[in-house]
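Participant: quick check, what structure comes out for this input:
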Amino acid sequence: MLIEIFVAPDGCPSCGKAQRLVQQIVPDYPGVEVREIHILDAPDRVVEYGVFSTPFIVIDGKVAFVGVPKETALRDRLKAR
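Facilitator: Okay, here's the model as predicted:
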């Protein structure tokens, strides 16, 4: 499973919260890979997903969350995969 966190390069507070949340729970899910993607480094991907706010989280190629998810919602999404 691949989780991609799309973040603004200026260190937005919500981006940091999303990054910390994902890093905190990923050890509970073996085989999950996490990539952080700065939106300015991948504008074509941002346009492809059609999400123009940060952070947003993509799981296995599908937008799963826009903004910082609740921990329970993220865990539920990971269990469902």
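Participant: gap between Lys62 and Glu48?
Facilitator: Here the distance between Lys62 and Glu48 works out to 11 Å (C-beta to C-beta, to the nearest Å). Heads up, the C-betas are built off the backbone N, CA and C, glycines and all.
Participant: and the average pLDDT for the helix ranked longest in the chain is what?
Facilitator: Ranked by residue count, the top helix of the chain under DSSP state H comes out as helix 13-25. Confidence for helix 13-25, expressed as mean pLDDT, is 95.
Participant: got the buried residues for it?
Facilitator: Burial within helix 13-25, assessed by neighbour count using 16 or more other C-beta atoms under 10 Å, is assigned to Cys15, Ala18, Gln19, Leu21, Val22.
Participant: surely the second one touches Ile5?
Facilitator: Read that as Ala18. Yes: under the criterion of C-beta atoms under 8 Å, Ala18 makes contact with Ile5 at 5.8 Å.
Participant: quickly list what's touching both of those two.
Facilitator: Contact criterion C-beta atoms under 8 Å, 6 or more residues apart in numbering; residues bridging Ala18 and Ile5 by contacting each: Pro55, Ile57.
Participant: before we move on, back to that, quick one: the helix or strand immediately after the longest helix of the chain in the chain to helix 13-25, angle?
Facilitator: Tracing the chain past helix 13-25, the next element assigned as helix or strand by DSSP states H and E is strand 33-38. Following axes from the mean of the first three to the mean of the last three C-alpha atoms, to 10 degrees, one obtains 170 degrees for the angle between strand 33-38 and helix 13-25.
Participant: what pairs with strand 33-38, parallel or antiparallel?
Facilitator: When sheet partners are counted by DSSP bridges, strand 33-38 sits next to strand 2-7 (parallel).
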